[in-house]
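>>> Prediction below, plus the sequence it came from.
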Amino acid sequence: MSVLTPARTSGRSANAQENFSAWANRHRKWLFAAPAMIFVGVLIIFPLAWTLYLSLTDSQGSVRAASDFVGLENYLTVLTDTERFWPAVGRTMSFTLVALACEIILGMGIALLLWRPFRGEKWVRVAILLPLVATPVAVGMMWRLIFDPNIGFANQLLGLVGIPPQPWLSGQDSALPTTIFMDVWQWTPMVVLILLAGLTALSDEPDEAARMDGANAFQRFFYVTLPLMMPTVIVAILLRGIDALKTFDILYATKGKGGGSFHEVETLNVYAYGLSFDYNQYGLSSAVLILFFMIIIGSMWLLTMRKKAVSK
Amino acid sequence: MTLLTEPQAPVRQRPHVARRRKPLRSRAYKTFRVVALIAVVLFLVAPLFWMLMASFKTNVDIYDAGKSFLFTPTGENYANVLQRNNYFVFIFNSFWVAFVSTALSLVLGVPAAYAMSRFTMHRSALVVLMARVIPGVSLLVPWYYVFSNLKMVGGFEVLILSHMFVALPLIVYIMMSYFDSLPMELEESAQVDGLTPIGAFRRITLPLSVAGMATAGILSFIFSWNNFMFALVLSGSKTKTLPVAIFDFVSYASIDWGGLMAAATVVTIPIMIIALFTQKYIVSGMTAGATKG
């Protein structure tokens, strides 16, 4: 009502206002969606196009410095680089796959433990939330102290059961597994929350029916619950997998530039960051990034296909 | 299959067997469950507790294995970190950047999520969600170049913009699944009663979405507070945020462990306190859209 009354009494400006309101309502779809899309679009499309362009040049030192168009040379250099690039691909893949596998299995186990209500549930839920919200860089520093070979608690603990001290982060072979452990500690809780939401949304009937038929707990889990949970599991893998592939904070915080002096934890993201900001090799780093981006999109696409197949 | 074709005789016995065995098994399971849950809680909380303890130890005590649990607490690390290293400035920077980028992202993201949910604009949503998938490094070189030409690197604006880039897809994702679950009937009846569609959004849908916006806002605040890579490149000495400040701690030759742990505690404590009070929202935000087919 209040909208209509002033429009009749005062002349032009109210009319214009009403016209504008009608126009806004008619176009509300794009009026609402466009600002966010333009914001993200401008911040993505232009830089991505530029990265693509830089990957075809020999740009280095400064982006402003003159550079020559070199075609696919950077890609050739990167793809034949068995010293830094391919090991980085391998580390990215093993980091992501091992961390994901641990997180999904542990996460499913913990979610099953939490599924049915119990006393003290509140406190367990708080404990689950804490690693999840902790700042990754601070978490990296925390583990640096705990895994310190000389003064760390991890080796003290091993000493109690008579196992000799381990080098952890400073070992050439043990550094990557140690960072995987950190990732599992921080992100298993997220998988737990997602899977728990999925479990709670399940109807009890299939489980009850299987129980009536005499299926034991393992059979009920593997033949009833797990197949019903597959779509949720894939969502968890998708969400966690994207972030695991791009892990940067804890690696850079614990091992610094280049993923350590022997590049022990140098994943693609750390490698590309180093090329860009520590060595200013913009052409090469752009080629690495474009390839990295293609790996991410490829794995996501595979998973989405898988999810569609499972949901059917 | 085998269950269905089982011979008939054992079926009769089963109630007996079940009655005798079930309480035993469930008692065993209950014990296992309690032990397993305690192990899980210890695994998740003990490292944080260790960090907290170390932040109250002198560096001499940190090196002494005999003083792992028994030591005289000292507040010196905190005094050092907060006073000498100017952490109040970094705390303010982190808070300001997280707060402004969250607020602006809500203003942009909530209407966008609404339109994308109501008009099922899945492709447009994909454009925004792309921001979550793309590796941040691939944007940082061009951003750094453009923003340093605009003399913006080292200012708050560019940090806030880059953090909005993290916050916006998160908010759109969470709010879309929130609006999806909100029934359309209320808006429709409001429109029958004479409200314009935008009016119905403002007066009916928005007030009903406060919980969703709280969820999205809290999560985006946490993500911005924790962000490291964008701040590492785009912040200057005056706009340094806490994660970058902690990282700088270890660039020196020998590590001041007590100070480092105090600094790490200073970053994590505020966000954990927020998390404790807003637990419900964080859980619903983390699991948004997870259980849809």
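Nice, I can see it.

>>> sec struct for the residue nearest the centre of chain A, please.
For chain A, the residue nearest the mean C-alpha position is A:Asp243 (1.0 Å; C-alpha atoms, centre = their mean). The three-state assignment at A:Asp243 reads helix, by DSSP: H, G, I helix; E, B strand; the rest coil.

>>> A:Trp187 is in contact with that one, correct?
Yes. Counting by C-beta atoms under 8 Å, A:Asp243 touches A:Trp187, with 7.5 Å between them. Heads up, the C-betas are built off the backbone N, CA and C, glycines and all.

>>> Please name the residues that touch the residue nearest to the centre of chain A.
A:Asp243 makes contact with A:Trp187, according to C-beta atoms under 8 Å, 6 or more residues apart in numbering or on different chains.

>>> all strands for the stretch 201-312 of chain A, in order.
Using DSSP state E, counting those that start in this stretch, the stretch 201-312 of chain A contains no strands.

>>> Chain B contacts on that one?
A:201, A:213-215, A:217, A:231-232, A:235-236, A:239, A:242, A:246, A:248-249, A:252-253, A:256, A:269, A:272-273, A:276-277, A:282, A:285-286, A:289-290, A:292-293, A:296-297, A:300, A:311 (C-beta under 8 Å from any C-beta of the partner chain).

>>> are any of those buried, and which?
Buried residues within these, counting neighbours by 16 or more other C-beta atoms under 10 Å in any protein chain shown: A:215, A:231-232, A:235-236, A:239, A:242, A:246, A:248-249, A:252-253, A:256, A:269, A:272-273, A:276-277, A:282, A:285-286, A:289-290, A:292-293, A:296.

>>> where do the strands sit along the stretch 151-293 of chain B?
Assigned by DSSP E, counting those that start in this stretch, the strands in the stretch 151-293 of chain B number zero.

>>> any weak-confidence spans in it?
Under the criterion pLDDT under 70, the flagged ranges of the stretch 151-293 of chain B are B:251-253, B:291-293.

>>> Walking through it, point out its helices one by one.
B:156-181, B:185-192, B:197-200, B:206-208, B:210-226, B:229-234, B:242-249, B:257-277, B:279-286 (DSSP state H, counting those that start in this stretch).

>>> is it possible to export the ones you listed to CSV including distance to chain A?
As requested, the helices of the stretch 151-293 of chain B are arranged in CSV below (distance: least, C-beta to the nearest C-beta, whole Å):
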stretch, distance to chain A
helix B:156-181, 5
helix B:185-192, 10
helix B:197-200, 5
helix B:206-208, 12
helix B:210-226, 5
helix B:229-234, 5
helix B:242-249, 4
helix B:257-277, 4
helix B:279-286, 5
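
>>> between those, which gets nearest to A:Asp183?
Of all the helices of the stretch 151-293 of chain B, helix B:210-226 sits nearest to A:Asp183, with 14.5 Å by C-beta to C-beta.

>>> other SSEs contacting the closest one?
Helices and strands touching helix B:210-226, by 3 or more C-beta pairs under 8 Å, 6 or more residues apart in numbering or on different chains; DSSP states H and E, are helix B:87-118, helix B:156-181, helix B:257-277, helix B:279-286.

>>> Now render these as a markdown table, adding distance to B:Ala125.
Converted to a markdown table, the helices and strands packed on helix B:210-226 look like this (distance: least, C-beta to C-beta, whole Å):
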| stretch | distance to B:Ala125 |
| --- | --- |
| helix B:87-118 | 5 |
| helix B:156-181 | 6 |
| helix B:257-277 | 27 |
| helix B:279-286 | 17 |
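
>>> Need the winner for burial among the ones you listed.
Most buried of these by mean neighbour count (mean count of other C-beta atoms under 10 Å in any protein chain shown) is helix B:156-181; its value is a mean of 24.

>>> next structured bit after the helix or strand harbouring A:Val124?
When elements are assigned from DSSP states H and E, A:Val124 belongs to helix A:121-133. Per DSSP H and E, helix A:121-133 leads on to helix A:136-146 as the next helix or strand towards the C-terminus.

>>> what's next to the following helix or strand past that following helix, contact-wise?
Sequence order places helix A:153-160 as the next helix or strand after helix A:136-146, per DSSP H and E. By C-beta under 8 Å, 6+ apart, the residues outside helix A:153-160 that reach it are A:145-149, A:164-166, A:168, B:50, B:65, B:68.

>>> nearest to A:Leu97, of those?
For those, the nearest to A:Leu97 is A:Trp168 (21.1 Å; C-beta to C-beta).

>>> Assess the claim that the closest one and A:Thr178 are in contact.
Yes. If you go by C-beta under 8 Å, A:Trp168 and A:Thr178 touch, sitting 4.9 Å apart.

>>> How about residues contacting stretch A:167-186?
Contact partners of stretch A:167-186, identified using C-beta under 8 Å, 6+ apart, comprise A:91, A:94-95, A:98-99, A:102-103, A:106, A:131-132, A:134, A:136, A:139-140, A:143-144, A:147-149, A:152, A:154-155, A:166, A:244, A:247, A:250-251, A:254-255, A:260, A:262, A:264-265, B:43-44, B:47.

>>> What subset of these is buried?
Buried among the contacts of stretch A:167-186 by 16+ other C-beta under 10 Å: A:91, A:95, A:98-99, A:102-103, A:106, A:131-132, A:134, A:136, A:139-140, A:143-144, A:147-148, A:152, A:154-155, A:166, A:244, A:247, A:250-251, A:254-255, A:260, A:264-265, B:43-44, B:47.

>>> where does A:Thr57 fall, phi/psi-wise?
phi -120, psi 170 (degrees, to the nearest 10).

>>> I'd like the distance between it and A:Met142.
42 Å (C-beta to C-beta, to the nearest Å).

>>> which of those two has more neighbours?
The neighbour count for A:Thr57 versus A:Met142, taken as other C-beta atoms under 10 Å in any protein chain shown, is higher for A:Met142 (28 against 20).

>>> Next up, the contacts around the closest residue to the more buried one other than its chain neighbours.
Using C-beta to C-beta, 6 or more residues apart in numbering or on different chains and skipping residues adjacent in sequence, the residue nearest A:Met142 is B:Met51, 4.2 Å away. Going by C-beta under 8 Å, 6+ apart, B:Met51 touches A:138, A:142, A:145, B:261, B:264-265, B:268.

>>> let's go with 6 Å and repeat that
Residues near B:Met51 by C-beta atoms under 6 Å, 6 or more residues apart in numbering or on different chains: A:142, B:261, B:264.

>>> and if you look at A:Ala111?
A:Ala111 makes contacts with A:192, A:195-196, A:199, as judged by C-beta under 6 Å, 6+ apart.

>>> try 10 Å
By C-beta atoms under 10 Å, 6 or more residues apart in numbering or on different chains, the residues touching A:Ala111 are A:128, A:188, A:191-200, A:229, A:232, A:236.

>>> and if you look at B:Ala190?
B:196-197, B:199-201, B:203-205.

>>> Going by distance to A:Val42, which of these wins?
Using C-beta to C-beta, the contacts of B:Ala190 come closest to A:Val42 at B:Phe201, 25.4 Å.

>>> Relative to A:Phe32, how far out is the closest one?
Taking C-beta to C-beta, one finds B:Phe201 at 8 Å from A:Phe32.

>>> And the pLDDT at A:Met229?
We have a pLDDT of 93 for A:Met229.

>>> my guess is it contacts A:Thr200, does it?
No. With contacts counted by C-beta atoms under 10 Å, A:Met229 stays clear of A:Thr200, the gap being 11.2 Å.

>>> So between these two, which is more surrounded?
Between A:Met229 and A:Thr200, counting by other C-beta under 10 Å, A:Met229 is the more crowded of the two (21 against 12).
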